[in-house]
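> Can you look at this prediction? I've put the sequence above it.
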Amino acid sequence: MPLLQVSQLNIALPTPRGLAQAVRGLDFTLERGETLGLIGESGCGKSLTALALMGLLPERARASGSIRLDGQELLGLPDAALCRIRGQRMAMVFQEPMTALNPLHRIGDQVAEPLRLHSGLGRAQARGQAQALLERVGIANAAQRMDAYPHQFSGGQRQRITIAMALACGPDLLIADEPTTALDVTLQQQILALIAELVAERQMALILISHDLGVIAQNVDRMLVMYGGSVVERGATASVFSALAHPYTRGLLAARPQMAPVAPTGQRPRLATIAGTVPELADLPSGCPFAGRCAFTLPTCHTTPPPAVQVTGDHVAYCLRPEAMAPALGSALGTAPIAPGLIAASAQPARARGRFDARNTPASDPPLLQVCALARSYPLARQHLFAPRSQLHALQGVDFVVRAGRSVGIVGESGSGKSTLARLVMALDTPSAGSVQLLGQDLHALPAQALRQARRDMQMVFQDPYGSLDPRQRIERIVTEPLQALGTASRAEQRAQAAAVLAQVGLRSSDLDKYPHEFSGGQRQRIAIARALITRPRLIVADEPVSALDVSVQAQVLNLMQDLQQQCGVTYLLISHDLAVVNHLCDEVLVLYQGRIVERGAPGDLFQNAQHPYTRTLVDAVPRIAPGYIHARRMAVPMV
Amino acid sequence: MGLFLLKRFATLLGTLAAASVVVFAVLEILPGNAAQTLMGADADPEAVAQLSAQLGLDQPALHRYGQWISGLVQGDMGESHAYGTPVLELVQERLALTVPLALLAMALATVLALAAGVYAASRHNRLGDVGVMALAQLGIAIPNFWFAILLILLFSVQLQWFAAGGFPGWSEDSGGGLWPGLKALLLPAVSLAVVQAAILARTTRSAVLEVLREDFVRTARAKGLGQRAALWRHVLRNAMVPVVTVMGLQFANLLAGTIVVENVFYLPGLGRLIFQSIANRDLIVVRNCVMLLAAMVIAVNFVVDLCYGAIDPRVQARDL
Amino acid sequence: QNKKDTVVLALTLEPPGLDPTAGAASAIGEIVHYNIFETLTKINADGSVSPLLAESWEVSPDLRTTTLRLRKGVKFQNGVPFTAAAVKFSFDRAGGDKSTNKDKRTFASLTTQVVDDHTVVIINKDIDPDFLFVLGQATAIIVEPQSAATNATKPVGTGPYKLSHWSKGASITLEQWAGFRNPGALRIRRATFRFISDPAAQVAALLAGDIDAFPRVTPRSVAQFKANPRFQVVVSGSRAKTILAINHARKPLNDVRVRRAIAAAIDRKAVIDGGGDGYGIAIGSHYVPGAFGYVDTTGINPYDLDKAQKLMAEAGVKLPLELTMTLPPPPYARQGGEVIAAQLAKIGIHVKLQNVEWAQWLSATYGRKQYDLTLISHVEPFDLGNFAKPDYYWGYQSPQFNALFEQIKTAARPSDRARLLGDAQRLLAEDAAHAFLYQPQWVTVADKRLKGLWKDMPIFVNDLSALHWS
Amino acid sequence: MPPHPPPLPATSAPHAAPGWLARALHHRSFALGAVLVALLLACAALSLVWTPWSPYAMDLPAKLQAPSAQHWLGTDAFGRDVASLLLVGARNSLVVGAIAVGIGLSVGTVLGLWAAAQRGWVEEITMRLCDFTFAFPAILSAIMLTAVWGAGIGNAIIAIGIFNIPTFARVTRASANAVWARDFILAARACGKGRLRTTLEHVLPNIAPVLVVQATVQFAIAILAEAALSYLGLGTQPPAPSWGRMLSEAQTLMFQAPLLAVWPGVAIALAVLGLNLLGDGLRDLLDPRLSRQR
Ligand SMILES: Nc1ncnc2c1ncn2[C@@H]1O[C@H](COP(=O)(O)OP(=O)(O)OP(=O)(O)O)[C@@H](O)[C@H]1O
Ligand SMILES: Nc1ncnc2c1ncn2[C@@H]1O[C@H](COP(=O)(O)OP(=O)(O)OP(=O)(O)O)[C@@H](O)[C@H]1O
Ligand SMILES: [Mg+2]
Ligand SMILES: [Mg+2]
Ligand code: NI
């Protein structure tokens, strides 16, 4: 008997527009010790599935079908009975380690809680076991830290604590819902490794949920690809990646920017994109959920549910026209743009580091942006009343030069000072030391009026497409904001210019009179880019411009940025924690670590031959999809 | 933690000092004079002037302010012009009514509100919730003095269970005692508590709902805690932070309410003392009472800050 | 069942202290007068005077010298014997420089001589036919020199009761003093005075049986007690005069026609109904029925709207005339003010009502004379003299009245006095010095079984020694 | 086959669109609140042109009558028509609320916006001042102020208005700070807009819903405060009708005419209830989080 058997699981949610089928007809089984990956873009029903398994669906949600754990039907079981199963037989790790722990309870007690609940242990005993668990998941000094509160731990440590909590009663099934999405790549690597280790050690079954193909590829035996609430492709990880059969899965893979180096002179490759955005669940067609965005649809696609088509063994795709994909079948992993890049990269000779450094290369033209010995520190809270105020050095002695037309990427983990640097470059914050010169003018020394004029040449794009557009202004006002501040053009001229840039970013002039909430995330990011473009700036500072977007949308935005660079010759200062994005778009990379630049160079070189140990961990931690990186059954620890 | 408290304490003292200046200055402008009021219309002007001098009303304002403050620091509030007794004594007597009244009301309100709020939250959007919240809306909308009048109409005029007003005192020899005293405070406390309970119930409900949405509650449920257990062990304490905040903020309103309700029930409390004393131009009493009320509000808010510390360990980290 | 020997009385206002020589509030006397403190003479319910601390007296024919023989064997509550020295001390103190006695001026014109331990002679600079009445008022209490300064909080007198407990803002309890000279006459052992100013609370407390008697209760809700067999309702006349005082110093109120118009525009019956809740007797001048020499002057300026309008027209006042009416806190003023404002509106006088605290009334209205009209009850028994005071807050100036009052003061023969008083009353009514409204009646609601309540109240006292349960 | 053009989501304007209205009408508490407030406004407006009787006309013989065909809600101690008094009282309450909220809204919002824009010591001082005013129970301060300046409706309004200032300042500052932390503010600043312009163009429109909600709530509180002050005799002066004063008069007549103590209280409670429900409804309806969910 399989450990878990899910059949025909449907989850419906009431929405203002009627009942939305968030999950439809989900079937899968899971054996003891087996690992299953669930992948899909935001909103496709992954979390709801996980919650349904735990019996923790939101009250309004209606689930039907069957979920059997060791043959016992869980759907419809009274809560009291479910309580005995939750935490004991199956446990869950959530996405946000910052909020998954009760801020008011000591972590020792929180880890001990399931033990006391299910094993009937006394307080002392439970705490003893909790301490052992904490040690096992790698909390140093577990004995002393039992009585600490969650806020006294870092994000990675907190995720370890939640894992300890989930493992406390030795469950048979562990569900991890995007356990690493909120963490830095380096931490992600460690946590995934820890989970894999523990799963292997305790012979647990694992359901790993992620939106990142790389994570799934490296960590699970079998995978389910979900789209719009349904499974579109399933199978053993290795066989799926050896022959991606569904247009959506292929699109996802192709949309991922690669870590492969780009030819120094050649045209940068464009990413493949999936047109459109993830649809609203309430509006799904009765046929294939992907039909609206698919390049290979037939009229029947929109009306008939796609049949299951067996590709190989247990590898199944749900598509009406698998033959359209046929040319690609069987060679998914072997053809561009996945593996060849990697192979080509390894063949490339390493170039001298620092080639793009302005101080080393004789300058033919004046630098567009020159940052000298830039530093910024923030005062920290006093430890006690008479203690001197210590400083947090968010940025220290940062030097770099950006030449016109050459984009520079900045990478680093959370808190390394990336956003601080962006703010200083944009003269939105005052440096503690150093200077920022745009076209030879020291921005921080300019009088207010001159600074306003100088801003014409530099604009900014932000990470959060929801937060960076004023929800109470029409698109026209938003896009023309830089012009309003300059105060040169008339209202009509401004509108005309706004219509022009909107066209440039692929929106219509009729969109000018709408409000931001009427657009999807990707569209909003286009609007933000249009706003940055309207003054024809030379430099665009983009702080994590795509990290809030789904892969398919991210590819659209990255392509747009690339096109604009070719058309208008803008230069990007691109900030990202995603090395692949930087690699894809930039000519030079600066690695920021604890406020200092620890390494710089062309992305290809840097990622091949990282010198600084930090850069190396960063590079190694990037989940990849390539032969040798793909998880094979019973191979618990990925080869690194 | 120490630093946090020290800072709060310094602000507290500063606020009190500022309050004393404002109170003194405002009362200085008050038209009328205690001596004249005490002597009545047909008194001789000479006698009035004599009394003014005796009461020290002819001294310059700054001098009197200094005297007042230096007295306060030593725990001496001066002597009431009207009663001729030390203000401290007078105030103590009145506090013996106002403080129990406020505490009784607060206790009633808290018990009622927590029960109603948690109940409503646990029945979110169901009949119980809607009913309790409708009642709460009503409770907020009803002026406390009107509710007091209605209570009198019902319990004193119709049913004659309670006295319509007045306070027999806590001591047996003046015809009072613990039970008669409490009985006299019951209706006033209820009329005060209703509004507070309604406000607190709403706060509790939304705080509980807010916390119920938090990830850690889901975590707790995933551990196998039942709905109820999760509520008690994880939700309530977290929800207490906003509830305690609102309780602190509401305390000022509760005191304000006692002023009005004391007038409805003719209770000899601090509020009515202030009222009477303003009428009598017994400014020294007004001054001290107002300061005392302000100090109580400030102190309660200080206690609320202490409660944060006790409830939420993160407060200690948030020193700045 | 034992005979009940305690009584709970209620007063509208709490006294600010317990020394009637240091404050004017009538509530002081209502508690301590004749109970804790005693005077040389005792004023009775009918206004007559009988011996108290003085056993007998002789008045010289010119009314200036009074010789009193004092009661022997009387002690103060602190054990000090009562002698002529205490009398001299008390009166000298009341008239002395440091005195804060309400009647300071009266006492300042007295010279007290000690003849022996139990005889005093009092020489009065002014002639006062009511001098023995004055000696019976609360301001004339006899105090003991050592304890005099602390009487406000720790009263020491010669009376039958002593202060037991004062819970400020709520009640005062008096206890029988064991050392009283004639303990057998007292049938009430303990008396509690509770303070309830809200009319509704007064009713509720009476109904609930919380209080046994409420002298001078707010008359709003007396009707239901009349019908209730548990209660007795005593309505007594007073010496008070509720008037709409007019500021003669202001235009156009200095014009007698305007004042007459105002008087004629007021329907006294409605004012008594709306302001006095029906308990009042209309008056036409500053004098009340029952007082010596009263004449009915209500016919001089009767209610007549046409006449009032004509008078206003005659005076050439531009209408509407804007006036403010200052109203002190008691219900008679606040309610009566609204009624009068509505009545005056009918002859084109727009009255703006201004509610004030006593403190403001005393400082602004009474002290600085900043008012047009004010509704007020003058409770002093004999205060016609105020019309002769040039700087009194009314601003009334009449040489004719001044001359008349001079004659009244010196007239020793009662018949002369009566005639002169009648002339004075008529003069004030003709002048429409104020709009004289009514003589309020005091209503006492008490338990039916409580006996010994005063029928009439020339002064405000609650004589506990007279009370007993049937 | 060519890829499909990106599907454009269904459009709906955020304000005044049919969607909003429909949502508003379906919002139970908003609809009930709107009806009650409309009723209040209607009563006040009606009292300007018509009342069953003159609210000032006394008829002493007809005092304390029970409700009847002539006097729908009976008469008071002076024989005045209670229904007429209530109608005029509505006007009184509205005027007090409007002015008091106006004072608090204008001054408080400016202070709060300034504090949020300037941060640092400006914010510190403003907020300390607010804390300071919160230390005095508002009624107490109103009692003191009216004692100084004399009881009267004008002074009562000012006293209530002054105590609205810190409330609005706090709310404004808190929500303005949240807005200042958003990225679009950074974007505006990156365009070279100054603090003032940013405040006017971005912060104010974004916190407007919060202010509207707060204003309705404060309006309700102002009505309650005026009633309490008038009850204590410190607010509206006779003969101007006021609900609070009617209650204090009724209390003295509780035994003869208990109904008199009911009507004004019901009026106050309904007005306050309406405003609070309206505020709650607006809070939901104007919530940008909800309007984002298409
Ligand atoms: N409590 C809820 N109430 C209403 N709708 C919900 C609720 N939870 C989820 N949904 C909706 O159900 C759909 C699926 O949600 P789910 O959380 O399973 O997505 P997901 O795949 O986990 O996405 P993400 O990657 O963003 O976590 C979404 O459209 C979401 O809006
Ligand atoms: N206004 C501020 N006051 C105090 N400290 C700050 C402030 N802004 C940033 N910091 C601190 O400076 C450091 C760098 O922050 P920054 O936002 O630049 O990081 P980042 O690299 O952008 O991180 P992330 O990837 O999480 O956005 C962090 O430790 C942060 O806590
Ligand atoms: Mg999810
Ligand atoms: Mg950042
Ligand atoms: Ni098609």
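All right, it came through fine. Residues are numbered from 1 along each chain as shown, chains lettered A, B, ... in the order given. Ligands and ions are numbered 1, 2, ... in the order given.

> so what's A:Val111 up against?
Residues in contact with A:Val111 (Cβ atoms under 8 Å, 6 or more residues apart in numbering or on different chains) are A:Ala130, A:Leu133, A:Leu134, A:Ile161, A:Ala164, A:Met165, A:Ala168. Placement of C-beta: from N, CA and C, glycine included.

> Could you find the closest non-adjacent residue to it?
A:Ala130 (3.9 Å; Cβ to Cβ, 6 or more residues apart in numbering or on different chains).

> Next: C:Val74.
Using Cβ to Cβ, 6+ apart, the closest residue to C:Val74 is C:Phe82 (4.0 Å).

> which residues touch the one you found?
C:Leu53, C:Leu70, C:Arg71, C:Val74, C:Lys75, C:Phe76, C:Ile142, C:Glu144, C:Thr158.

> confidence score at D:Thr172?
With respect to pLDDT, D:Thr172 scores 92.

> go on, the one 5 residues further on?
Here the pLDDT value assigned to D:Asn177 is 89.

> Find the helix or strand that it is a member of.
Following DSSP states H and E, the helix or strand that holds D:Asn177 is helix D:153-180.

> Please see if that helix touches ligand 2.
No - on the criterion Cβ under 6 Å from any ligand atom, helix D:153-180 is out of touch with ligand 2, staying 11.8 Å away.

> any idea how far ligand 1 is from the residue nearest to C:Val74?
90 Å (Cβ to the nearest ligand atom, to the nearest Å).

> now A:Val402
For A:Val402 relative to ligand 1 (Cβ to the nearest ligand atom), the value is 35 Å.

> Tell me, how many residues neighbour that residue?
A count of nearby residues for A:Val402, using other Cβ atoms under 10 Å in any protein chain shown, gives 26.

> Quick check: phi and psi at the closest residue to it other than its chain neighbours.
Nearest residue to A:Val402, sequence neighbours excluded (Cβ to Cβ, 6+ apart): A:Leu369, at 4.1 Å. Dihedral angles of A:Leu369 (phi, psi; degrees, to the nearest 10) stand at phi -130, psi 130.

> re the thing from before, including pLDDT, could the contacts of C:Phe82 go into TSV?
Shown next, in TSV, are these (pLDDT from 0 to 100):
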residue	pLDDT
C:Leu53	92
C:Leu70	92
C:Arg71	92
C:Val74	91
C:Lys75	91
C:Phe76	93
C:Ile142	93
C:Glu144	92
C:Thr158	93
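
> Among those residues, which one has the most neighbours?
C:Thr158 (27 neighbours).

> roughly how far apart are the residue nearest to it when sequence neighbours are not counted and C:Asn462?
For C:Thr158, ignoring the flanking residues on the chain, the nearest one in space by Cβ to Cβ, 6+ apart is C:Glu38 at 4.9 Å. For C:Glu38, the distance to C:Asn462 equals 14 Å [Cβ to Cβ, to the nearest Å].

> When the two are compared, which one has more neighbours?
Higher neighbour count among C:Glu38 and C:Asn462: C:Asn462, with 26 against 22, using other Cβ under 10 Å.

> Residues of the stretch 151-300 of chain A that sit close to chain B?
A:His151, A:Gln152, A:Thr162, A:Met165, A:Ala166, A:Ala168 (Cβ under 8 Å from any Cβ of the partner chain).

> Can you get me a residue count around the closest residue to D:Pro258 other than its chain neighbours?
Taking Cβ to Cβ, 6+ apart, and ignoring the residues beside it in sequence, D:Pro258 has B:Leu153 as its nearest neighbour in space, at 5.4 Å. Residues within reach of B:Leu153, counting by other Cβ under 10 Å, total 21.

> unless I'm mixing things up, B:Leu153 is touching D:Leu259, no?
No - B:Leu153 is beyond contact range of D:Leu259, at 9.8 Å (criterion: Cβ atoms under 8 Å).

> For the residue nearest to C:Thr6 when sequence neighbours are not counted, give me its contacts.
Counting by Cβ to Cβ, 6+ apart, C:Thr6 lies nearest to C:Arg190, which is 4.5 Å off, once chain neighbours are set aside. The neighbours of C:Arg190, taking Cβ under 8 Å, 6+ apart as the test, are C:Asp5, C:Thr6, C:Val7, C:Ser164, C:Thr173, C:Leu174, C:Glu175, C:Gln176.

> what do you get for A:Ala52?
Counted by Cβ under 8 Å, 6+ apart, A:Ala52 has contacts A:Leu9, A:Ile11, A:Val23, A:Ala61, A:Ala63, A:Ile67, A:Leu75.

> could you redo the last one with a cut-off of 6 Å?
Counting by Cβ atoms under 6 Å, 6 or more residues apart in numbering or on different chains, A:Ala52 touches A:Ile11, A:Ala63.

> what about C:Tyr438, which helix or strand?
strand C:435-440.

> Just the mean pLDDT for whichever helix or strand comes after that strand, thanks.
As assigned by DSSP H and E, the chain's next helix or strand after strand C:435-440 is strand C:442-447. Mean pLDDT, computed over strand C:442-447, is 91.

> quick one: strand C:442-447 near chain D?
No - using Cβ under 6 Å from any Cβ of the partner chain, we find that strand C:442-447 stays clear of chain D, coming within 12.6 Å at best.

> Grab the nearest non-local neighbour of the residue of the stretch 51-200 of chain D at minimum distance from chain B.
Nearest residue of the stretch 51-200 of chain D to chain B (Cβ to the nearest Cβ) works out as D:Pro137 at 3.3 Å. Nearest-residue entry for D:Pro137: B:Ala256, 3.3 Å, with adjacent residues in sequence omitted and distances by Cβ to Cβ, 6+ apart.

> before we move on, the earlier item: spell out the secondary structure type for the residue nearest to D:Pro258.
helix (DSSP: H, G, I helix; E, B strand; the rest coil).

> With A:Arg600 instead?
Going by three-state DSSP: A:Arg600 is strand.

> excluding its backbone neighbours, what's nearest it?
Closest to A:Arg600 by Cβ to Cβ, 6+ apart is A:Leu590, at 4.8 Å.

> Give the partner strands of the helix or strand containing the one you found in its sheet and their orientations.
Using DSSP H and E, the secondary-structure element containing A:Leu590 is strand A:588-593. When pairing is defined by DSSP bridges, strand A:588-593 lines up against strand A:408-411 (parallel), strand A:596-601 (antiparallel).

> any idea which helix or strand of chain D has the worst average confidence?
Every helix and strand of chain D was ranked by mean pLDDT, DSSP states H and E. The lowest is helix D:288-292, at a mean of 47.

> quick check, A:Pro471 in a helix?
No - per three-state DSSP, A:Pro471 lies outside any helix segment and is coil.

> before we move on, back to that, list the contacts for the residue nearest to D:Pro137?
If you count contacts by Cβ under 6 Å, 6+ apart, then B:Ala256 has D:Pro137, D:Ile139, D:Leu140 around it.

> pLDDT at the second one, what is it?
Just to be clear, that refers to D:Ile139. 78.

> elements contacting whichever strand or helix holds B:Met291?
Per DSSP H and E, B:Met291 falls inside helix B:283-311. Packing contacts for helix B:283-311, counted by 3 or more Cβ pairs under 6 Å, 6 or more residues apart in numbering or on different chains; DSSP states H and E, involve helix B:2-28, helix B:236-265, helix B:270-280.

> go with 7 Å
Here helix B:283-311 touches helix B:2-28, helix B:87-122, helix B:236-265, helix B:270-280, helix B:314-317, helix D:138-149, going by 3 or more Cβ pairs under 7 Å, 6 or more residues apart in numbering or on different chains; DSSP states H and E.

> could those helices be laid out in CSV, adding distance to ligand 2?
Formatted as CSV, the helices and strands packed on helix B:283-311 follow (distance: least, Cβ to the nearest ligand atom, whole Å):
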stretch, distance to ligand 2
helix B:2-28, 18
helix B:87-122, 34
helix B:236-265, 24
helix B:270-280, 45
helix B:314-317, 14
helix D:138-149, 36
